[in-house]
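[1] Just need the structure, nothing else, for what follows:
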Amino acid sequence: MTHIDAGAELDPVHPVPIPATRRSEGLSAAEVAERVARGEVNDVPVRSSRSVGEIVRANVFTRFNAIIGVLWLIMLIVAPFQDSLFGYVIIANTGIGIIQEWRAKKTLDSLAVIGEAKPTVRRDGIAAEVSTSEIVLGDLIEIGPGDKVVVDGTCAEADGLEIDESLLTGEADPVVKQAGDPVMSGSFVVAGSGAFTATKVGREAYAAQLAEEASRFTLVHSELRSGISTILKYVTWMMIPTAIGLVISQLVVKQHGFKDSVARTVGGIVPMVPEGLVLLTSVAFAIGVIRLGRKQCLVQELPAIEGLARIDTVCLDKTGTLTEGGMDVTELRPLGGSDESYLRKVLGALGESDPRPNASLQAIISAYPDSEEWRCTQSLPFSSARKYSGAGFSEGNGESSTWLLGAPDVLLPADDAALAETERLNEAGLRVLLLARTTKDLDDPGVAEAARPAALVVLEQRLRPDAADTLRYFADQDVKAKVISGDNAVSVGAVAGKLGLTGEVVDARRLPDEREEMAKSLEKGTVFGRVTPQQKRDMVAALQSRGHTVAMTGDGVNDVLALKDADIGVSMGSGSEATRAVAQIVLLNNSFSTLPSVVGEGRRVIGNITRVATLFLVKTVYSVLLAILVVCWQVEYPFLPRHLTLLSTLTIGVPAFFLALAPNKERAQPHFVRRVMRYSIPGGVVAGVATFVTYLIARHYYTGEGSLDAETSAATLTLFLISMWVLAIIARPYTWWRICLVAAMGGAFVLVLVVPKLQHFFALKLVGATMPWIAVLISVVAAAVLELLWRWVDRRVPA
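    Modelled structure (predicted):
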């Protein structure tokens, strides 16, 4: 078939393209080299992660590292080596954080390269894909449905070209472009094809920063991280007056050795700092990125891992999500006595008329070969808003005809007999297109009204083999699935039924426009057909207005607006460039079954960090309380830094690292700060009071030289046993490795108590039998109080 190319000129009076005398060949190789030499290159640095320098700075230069660093330098000067161990722990923690984030960066960068779309540039008359960074000023860039405009330019060729600029201007309606019209970077093609000449590249382009931000690795806008920041802010304000009081108490009021006073003061301040909490959160997120990266899942915004775990509604686009991209023609049903052999020629010519066929047209191209005698004189590309495409032909015998191919329920009147047959086929899960002949020109607004049905084209969609299991997973997790599609509602409902998804099937054309009413309809329905791109966006907003956390999956350009507005946007790797740019999560292997893994990673991060935060903040609460009690009673602080380094390592540091990275399938719960503090405050108060009671009893029990060391050892035993009980509660429900972890930490402390060298190193030696047993008894009572308190909190204090 002779096809008039996209470079054809249009007669201003007639819609029929006139063949161009000269199709633009784009820049020559010499012109490209000249522009590169002048620096006129699209050199916007698009990166998916922070630089190594930024990662190091973010992990090293923190508020708490500064506090700990100053205290560490003081201890290196005035105290033995073992009292400055806490500083080396910070170095190790910071090193682990840097290494894990660097690994996450490498994973993200490699996946971003895989997922990067390459625009088609015409040079020396040859179209070839190049990297976005290789585009130069003056390049001729070809675009079609789903392509994103990567630099600013002027339209040079247009064949029914419609561009959506909503991401830039907020205007929802696509803009029809003609030769000479400006095109802006950040917009995307929704229908037709064409080419534009790059007029602004690099940082001069309108949306250069938009593209850079879209794929940047971020650690913000997360309930988990904002909650931790809130907690740390309050901790800092608590620390300042308490630390000042402790300094005065230990250095001025108590008249003993200066160095010992300094050591005990630092010993009181250091444990107030929950230094490992931020680190472990970053590490947990980073490891989540690495794990998902191995499954070909690109996380473009880090909190998306957490966000997907919090969703309660997932909106699924049928095409490309529940079904595979490919389709097969199963039947051609002529209507009104039409000649089947003639219709085959029409379908072959229609397939050849579209330079960028969608899945349906691709199936028709495979089934019906092109007829060489037919010549395309005009074409109307498929649009999601219109629901049909069309083309005009000059047939081999001199006749001319104009045809439409699209949705039967859009092209036919409601009482047409063919719709009943269409309905029956849709109920069987088949997709049906109507081939209709029209007497009007394609640019006539009433072209569809003049259509006469000629045949039904029956297509079968290929279901994704993993879709049923994934839908079942979401159902088990109380996540409601809503199938939203531009296809016929009955057909979509049949496909959903094959995958085990049941519920009310709704034709979106009957949905109310008012948001509240639409939300009510969405609550009742499960499958929605004939949904327009704008409706998809409105449906997401309506669900969010009811307090739902919504994820949206899609791969087509008609999904972009909804993906951008959803709490979490998930795109397929094979989807359009525009969808990949706005989605937070890109499934590069196009496997819908990867989503449960993302949910699982999010739940692991949320559940485990909640556990770990409780451990850290119990320590902060009892440290602040002990410091206040010491100031009020005017006594020596009971611990040296080495004692609390030992306790922190065995009851928090080591176990927290394992617990933060462990599998966790608990459902994500909101109100992170409240959930953590309702356990941390009673736990810290019980630990602090019990330890101080032991310390005061020991002060009356022991007298003479070495009494302070004996008092410290008794207080340390009490604090360790209570902290171990807190760990034992946090580690529930028990698994074999969690029991082993708790037992190992207890065994390590026993080892310190029984090995003479370790006793000396940590200045821990239990004197006599009475006081240690009193310490154990107080710990048992405190543990019982802790159990009762936490159970009462569970019942009475809402999360």
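[2] Show me where the stretch 201-350 of the chain dips below the pLDDT cut-off.
    For the stretch 201-350 of the chain, the stretches with pLDDT under 70 are 206-221, 253-257, 301-302, 325.
[3] Could you measure from His760 over to Ala566?
    61 Å (Cβ to Cβ, to the nearest Å). Every residue, glycine included, has its C-beta placed from N, CA and C.
[4] Any figure for the gap between the residue positioned nearest the centre of the chain and Trp374?
    Geometric centre of the chain, nearest residue: Ala304, 2.4 Å, by Cα atoms, centre = their mean. Ala304 sits 49 Å away from Trp374, taking Cβ to Cβ as the criterion.
[5] and if you look at Phe592?
    In terms of Cβ to Cβ, Phe592 sits 39 Å off from Trp374.
[6] Pick out whichever of His760 and Ala566 has more residues nearby.
    Ranked by neighbour count (other Cβ atoms under 10 Å), His760 and Ala566 place Ala566 first, with 31 against 11.
[7] Show me the helices in the stretch 1-150 of the chain, by range?
    Remark: helices assigned in the stretch 1-150 of the chain by DSSP state H, counting those that start in this stretch are 29-38, 52-60, 63-78, 85-115.
[8] what's the answer for the stretch 651-799 of the chain, then?
    Using DSSP H, counting those that start in this stretch, the helices found in the stretch 651-799 of the chain span residues 654-661, 672-701, 707-730, 736-754, 756-761, 770-796.
[9] So, low pLDDT: which residues of the stretch 451-600 of the chain?
    Across the stretch 451-600 of the chain (using pLDDT under 70), the flagged ranges come out as 556-558, 576-578.
[10] If we use 50, what do you get?
    Low-confidence segments of the stretch 451-600 of the chain (pLDDT under 50): none present.
[11] which stretches of it form strands?
    Secondary structure of the stretch 451-600 of the chain (DSSP state E, counting those that start in this stretch): strands located at 451-463, 480-484, 504-507, 525-529, 550-554, 568-572, 585-587.
[12] do the same with the stretch 151-300 of the chain
    Taking DSSP E, counting those that start in this stretch, the strands of the stretch 151-300 of the chain run over residues 152-164, 175-176, 182-183, 188-200, 297-299.
[13] averaging pLDDT over each of those strands, which comes out lowest?
    Looking at these, the lowest mean pLDDT belongs to strand 297-299 (a mean of 82).
[14] name the helices or strands packed onto it?
    helix 85-115, helix 275-294, strand 585-587, helix 595-633 (3 or more Cβ pairs under 8 Å, 6 or more residues apart in numbering; DSSP states H and E).
[15] hmm, try it at 10 Å
    helix 85-115, helix 275-294, helix 303-309, strand 585-587, helix 595-633 (3 or more Cβ pairs under 10 Å, 6 or more residues apart in numbering; DSSP states H and E).
[16] In the last one, which residues are buried?
    For helix 595-633, the neighbour count (16 or more other Cβ atoms under 10 Å) marks 595-631 as buried.
[17] mind checking how far Val78 is from Ile91?
    Applying Cβ to Cβ, the value for Val78 to Ile91 is 20 Å.
[18] of those two, who's got more company?
    Shown here are Val78 and Ile91; by other Cβ under 10 Å, Val78 has more neighbours (17 against 14).
[19] Could you say which helix or strand holds the closest residue to Ile365 other than its chain neighbours?
    Closest residue to Ile365 apart from its sequence neighbours, by Cβ to Cβ, 6 or more residues apart in numbering: Gly351 at 3.7 Å. Element membership for Gly351, per DSSP states H and E: helix 340-353.
[20] Let me know the angle separating that helix from strand 451-463.
    Using axes from the mean of the first three to the mean of the last three Cα atoms, to 10 degrees, the direction of helix 340-353 lies 70 degrees away from that of strand 451-463.
[21] Give me the distance from helix 340-353 to the chain's centre.
    Chain-centre distance of helix 340-353: 44 Å, with Cα atoms, centre = their mean, to the nearest Å.
[22] got it, and stretch 178-192?
    Mean C-alpha position of stretch 178-192 versus that of the full chain (Cα atoms, centre = their mean) differs by 29 Å.
[23] do the same with stretch 651-668
    21 Å.
[24] Number the chain from 491, please
    Done: numbering now begins at 491, and the last item shifts to stretch 1141-1158.
[25] Go ahead and produce CSV holding the CA coordinates of that stretch.
    Output in CSV follows, covering the C-alpha atoms of stretch 1141-1158 (Å, rounded to 0.1, in the frame of the first residue of the first chain):
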residue,chain,number,x,y,z
THR,A,1141,20.5,-4.9,74.2
ILE,A,1142,20.0,-2.5,71.3
GLY,A,1143,22.8,-2.2,68.7
VAL,A,1144,23.4,-5.8,67.6
PRO,A,1145,19.8,-7.0,68.1
ALA,A,1146,18.4,-3.9,66.4
PHE,A,1147,20.5,-4.5,63.3
PHE,A,1148,19.1,-8.0,62.9
LEU,A,1149,15.6,-7.0,63.7
ALA,A,1150,15.6,-4.1,61.3
LEU,A,1151,16.5,-6.4,58.4
ALA,A,1152,14.4,-9.4,59.3
PRO,A,1153,11.3,-10.6,57.4
ASN,A,1154,8.2,-9.0,58.7
LYS,A,1155,4.7,-9.5,57.2
GLU,A,1156,2.7,-7.5,59.7
ARG,A,1157,0.3,-5.1,58.1
ALA,A,1158,1.4,-1.5,58.1
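[26] Only the buried residues of it, if you could.
    For stretch 1141-1158, a neighbour-count test (16+ other Cβ under 10 Å) marks Thr1141, Ile1142, Gly1143, Pro1145, Ala1146, Phe1147, Leu1149, Ala1150, Leu1151, Ala1152, Asn1154, Ala1158 as buried.
[27] Let me see the mean pLDDT of stretch 1250-1261.
    On average, stretch 1250-1261 scores 89.
[28] now that stretch, how far from the centre of its chain.
    The answer for stretch 1250-1261 is 52 Å, by Cα atoms, centre = their mean.
[29] Show me what it is in contact with.
    Contact with stretch 1250-1261 is made by 570-573, 575, 1129-1130, 1132-1133, 1135-1136, 1184, 1187-1188, 1191-1192, 1196-1204, 1206-1207, 1210, 1239, 1242-1243, 1245-1246, 1248-1249, 1262-1263, 1265, as judged by Cβ atoms under 10 Å, 6 or more residues apart in numbering.
[30] Let's see that with 8 Å instead.
    Contact with stretch 1250-1261 is made by 572, 1130, 1132-1133, 1136, 1187-1188, 1191-1192, 1196, 1199-1200, 1202-1204, 1206-1207, 1242-1243, 1248-1249, 1262, as judged by Cβ atoms under 8 Å, 6 or more residues apart in numbering.
[31] From Ala1200, how far out is the residue of the chain positioned farthest from its centre?
    The centre of the chain is farthest from one residue, Gly1194, which by Cα atoms, centre = their mean lies 62.7 Å away. Counting by Cβ to Cβ, the gap from Gly1194 to Ala1200 is 10 Å.
[32] Kindly confirm my reading that Gln868 is in a strand.
    Yes - checked against DSSP: H, G, I helix; E, B strand; the rest coil, Gln868 lies within a strand.
[33] is it true that it touches Ala881?
    Yes - with contact defined as Cβ atoms under 8 Å, Gln868 reaches Ala881; the gap is 6.8 Å.
[34] what do the two both touch?
    By the contact definition Cβ under 8 Å, 6+ apart, Gln868 and Ala881 are jointly contacted by Thr892, Leu932.
[35] Name the residue in the two with the higher neighbour count.
    Each of Gln868 and Ala881 has its neighbours counted (other Cβ under 10 Å); Ala881 has more, 25 against 22.
[36] average pLDDT for the helix or strand hosting the more buried one?
    Using DSSP H and E, Ala881 sits in strand 878-884. Taken as a whole, strand 878-884 has a mean pLDDT of 89.
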